[in-house]
Structures are given as structure tokens and as C-alpha cells.
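Asks: Below are the sequence and a predicted model; questions follow.
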Amino acid sequence: GKMALHQFLCCLAVMIFLSSKACASLSSNNRIIGGDDASPGEWPWQVTLQLDSNHFCGGSLISDQWVLTAAQCLFTGIGRITVFLGRHNVSGPNPNDVSRKVEDAVCHPDYDVFTFDNDICLLKLSAPVNFTDYIYPVCLAAANSTFHSGTSSWVTGWGVTENGTLPDILQEVEVPVVGNNECECSYPSGITDNMICSGHRQGGKGICQGDGGGSLLIEDRNNSVWLQIGILSFTRGCALPMIPAGYTRVSRYQEWITDVTGTSQPGFHEQVTLHTSSLICSYRALPVFLSIWLDKSQRCASR
């Protein structure tokens with residue numbers, strides 16, 4: 001009797017603990033500092049969207065039945081898309097992976113195919129997934145979050161590497177957030193409040209012809225969780241100097257995501273990073289092919 005009660009209470013405690021974990025904790029991560037290949041299970045929310053067994057976009061698991069990706073990834077009927085979760089090598093199965101079809105795709109009604117504004121889409125999986133060490137949802141940046149220039153962030157995906165090849169193993173790279181004013185200098189057609197940028201000013205590390213729908217992440221040490229702050233939306237060239245990558249700013253969409261996901265809610269956390277100085281562009285820093293935008297760069301430098 002006592003033994004059975006003890007076992008029951010232990011199981012109950014474990015169940016309560018598991019159900020209270022809304023999204024991925026920092027302790028689940030065992031990053032190799034300076035490495036480009038991720039470790040299996042290191043980014044358990046990472047998914048690959050595949051068309052006829054070919055990876056074409058990334059995405060992130062945000063609850064047991066919803067995946068967050070970019071609207072630009074939905075260029076084909078959802079019936080042709082397979083979502084693989086828990087996959088480390090993009091090409092082949094492993095003991096930890098699970099696949100789902102897409103039951104529904106809800107892209108933002110104001111997505112602009114020309115400016116990439118509101119480049120965000122939610123995919124409802126054909127059935128919920130069980131959480132494991134290799135399949136686990138990421139937390140999302142809540143509405144009032146701010147990320148100042150220089151904030152350390154991470155990008156993951158299977159995008160083209162620096163030598164122009166498509167990697168088989170999931171890649172990771174650390175990049176600083178770039179303030180929107182500075183980012184707009186590299187994209188004179190406009191960076192909106194719905195966007196966030198990241199990249200090294202000297203180039204050489206970052207996204208190459210990247211994975212649309214891939215995640216931009218920061219460590220929220222206050223809550224001991226990983227926060228997704230961006231969805232990879234656009235980039236130009238391959239980690240070029242002064243050309244950051246542009247992402248959909250997840251924190252702007254908390255209300256929309258909450259409305260769409262209904263009963264299968266993701267976990268949101270507010271994060272405000274400490275202020276660091278945000279450089280604004282100068283004529284010297286502008287790439288040559290942008291120098292024609294003198295009126296734009298002048299406005300940019302004076303903001």
C-alpha cells in the first residue's frame with residue numbers, strides 16, 4: 001500500500017513538473033562554443049519543411065501542434081509539405097525524428113510579398129507530437145520585448161554554408177542583433193517595426209542564401225529559457241560586411257499567434273535587453289552599390 005502510494009505520488013510529481021514546462025529551458029542545451037555543426041537535440045524545436053524529400057524551409061515548434069515559419073515558405077499547397085521534427089541530418093531519418101503532414105496553414109493576412117512585411121505563418125500539424133529530448137517547443141518573445149543593437153543571438157538552419165554547399169547537419173552561428181536604423185542603411189527599401197536584423201559588421205559569419213523560416217534566438221537568463229525573437233525572412237549575398245539578415249520580429253505578433261493557436265498555446269516571455277550603443281551608417285560603411293541612395297542614407301544617419 002505505502003509503496004504503491006509512494007510510486008503514485010512520484011509519478012504525479014513528474015507529470016506536474018512536465019506539464020508546467022511550457023517551453024525549452026537553457027539546461028536542455030549543450031552547445032559547442034565556436035562550432036558550426038549543432039549537436040543532436042541541441043535545438044529541439046528546429047523543424048525542416050520538405051517537398052518531395054527536399055528541405056526547402058525551416059521552422060520552429062512552438063506547441064504540441066503548431067509550427068512557426070515564414071509566409072514566403074507557403075508557395076505550394078500544404079498537401080505537398082511534410083514537417084520533420086527531431087531531425088539532425090536533414091537528408092536522412094534518425095531514431096529520434098517524427099514526421100507530420102500539415103492540416104492547416106494560417107499566414108498573416110497583411111503579408112507583403114514585395115517588402116516581406118508580416119512574413120509569418122503558422123502551420124497546424126496533422127496530429128500533436130509528444131515532447132522528447134529531441135522534440136520540444138521554443139518560447140516566444142512577448143509583446144513588449146526589446147532587443148538592443150549588439151545583443152548576442154543565435155541562428156540555426158540548413159541554409160547554404162560559406163563555401164556554397166548545402167549542409168546535411170544542422171548549422172548554428174552566433175550573431176549580434178543590428179538596430180533597425182542601422183539595418184535600414186543596408187536595405188533602403190525599408191525596415192519596418194515588424195522586422196529585426198542581425199549580422200556581424202565585418203561579415204563572414206551568418207546566413208548565406210538562408211533558410212527561410214529559420215529561427216533567431218536569444219538566451220533569456222532571467223527565465224532560464226530560449227526565446228525565439230525572429231523568423232528569417234530576407235538576406236542579400238552571403239554574410240557580407242554591413243549587410244545584416246532581416247527577420248520577422250516575433251514579439252509584434254503575440255496577440256495574432258495566441259488567437260490562431262487557440263487551445264494549443266505557446267509559451268511567451270518578455271525580455272528587455274540592456275542598452276548598448278547602436279551605430280548608424282556612414283557613407284564609408286555603405287556598400288558601393290548603395291551609394292546611389294544618398295538621400296536615404298542621409299536621413300538614415302541623422303535619425
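Replies: Yep, it's here.
Asks: CA atoms for contacts and neighbours, from now on please.
Replies: Noted.
Asks: was I right about G199 contacting V175?
Replies: Yes: using C-alpha atoms under 8 Å, G199 is in contact with V175, at 5.3 Å.
Asks: Look at the two and report which has more neighbours.
Replies: For G199 versus V175, the count of surrounding residues by other C-alpha atoms under 10 Å is larger for G199: 28 against 25.
Asks: For the more buried one, which non-adjacent residue is closest in space?
Replies: Among residues not flanking G199 along the chain, P244 sits closest, at 4.5 Å (C-alpha to C-alpha, 6 or more residues apart in numbering).
Asks: So for this protein, the centremost residue is which one?
Replies: In the chain, the centroid-proximal residue (C-alpha atoms, centre = their mean) is S215; its distance is 1.3 Å.
Asks: if we can go back for a sec, what is the neighbour count of the residue nearest to G199?
Replies: 33.
Asks: And it, how close does it get to A142?
Replies: 23 Å (C-alpha to C-alpha, to the nearest Å).
Asks: Ok, T76 next?
Replies: Distance from T76 to A142, by C-alpha to C-alpha: 30 Å.
Asks: Give me the more crowded residue out of these two.
Replies: Each of T76 and A142 has its neighbours counted (other C-alpha under 10 Å); A142 has more, 22 against 10.
Asks: and that one, what pLDDT?
Replies: As predicted, A142 sits at a pLDDT of 94.
Asks: and the helix or strand containing G230, C-alpha only, in CSV?
Replies: Per DSSP states H and E, G230 falls inside strand 225-234. Only the C-alpha atoms of strand 225-234 are listed here, as CSV (Å, rounded to 0.1, in the frame of the first residue of the first chain):
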residue,chain,number,x,y,z
VAL,A,225,14.7,29.6,-21.4
TRP,A,226,15.5,30.0,-25.1
LEU,A,227,13.4,32.8,-26.7
GLN,A,228,12.7,33.0,-30.4
ILE,A,229,12.8,36.6,-31.4
GLY,A,230,12.9,36.4,-35.2
ILE,A,231,11.9,34.3,-38.2
LEU,A,232,14.5,34.5,-41.1
SER,A,233,12.8,36.5,-43.9
PHE,A,234,15.4,38.1,-46.2
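Asks: tell me what that strand is packed against?
Replies: In terms of contacts (3 or more C-alpha pairs under 8 Å, 6 or more residues apart in numbering; DSSP states H and E), strand 225-234 is packed against strand 139-141, strand 215-220, strand 245-249.
Asks: what does the average pLDDT come to for that strand?
Replies: 94.
Asks: Okay, buried residues for it please.
Replies: Neighbour-count burial for strand 225-234 flags V225, W226, L227, Q228, I229, G230, I231, L232, S233, F234 (criterion: 16 or more other C-alpha atoms under 10 Å).
Asks: All good on my end, thank you.
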